[in-house]
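In: Take this sequence and fold it.
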Amino acid sequence: MSRIDELTERVERLLLRHEELRRTNALLQQQLTATVQERDSLRTRLAAARARIDALIDKLPQPAGELTAQGDATDEAN
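Out: Numbering: from 1, shown residues only. All right, here's what the predicted structure looks like:
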């Protein structure tokens, strides 16, 4: 009878451990979902910020002499 008691105890411990792991997994899934959503939100904000910066850069005046000097330097490099 002792052997059956040992097996019963082991099975009960395994069941408890299984339930703990299921709860832990559920919590980790929630954290992952939240992290992915935060990442996506940050990527969207970054893209919007880049677009605003690019728009501001496009609005900056470029001196005529500097524009030709850059073009000449690019031509010489090629």
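
In: lowest-confidence helix or strand of the chain?
Out: Taking mean pLDDT, DSSP states H and E as the measure, the chain has helix 64-77 as its least confident helix or strand, at a mean of 61.

In: Looking at the chain, which helix is longest?
Out: When the chain is parsed with DSSP state H, its longest helix is helix 2-59.

In: Compute the number of surrounding residues for residue 28.
Out: Close neighbours of residue 28, defined as other Cβ atoms under 10 Å, add up to 10. Every C-beta, even on glycine, is put in place using the N, C-alpha and C of the backbone.

In: How much space separates it from residue 35?
Out: The gap separating residue 28 from residue 35 is 10 Å, by Cβ to Cβ, to the nearest Å.

In: Then residue 50?
Out: 22 Å.

In: what does residue 48 give?
Out: Taking Cβ to Cβ, one finds residue 48 at 20 Å from residue 35.

In: Look at residue 31 and say how many residues are nearby.
Out: Residue 31 sits with 10 neighbouring residues when counted by other Cβ under 10 Å.

In: Geometric centre of the protein: which residue is closest?
Out: Against the mean C-alpha coordinate of the chain, by Cα atoms, centre = their mean, the closest residue is residue 39 at 4.1 Å.

In: Just the pLDDT at that residue, thanks.
Out: For residue 39, the pLDDT comes out at 98.

In: Begin at 541 from now on, thanks
Out: In the new count, where the first residue is 541, that last one comes out as residue 579.
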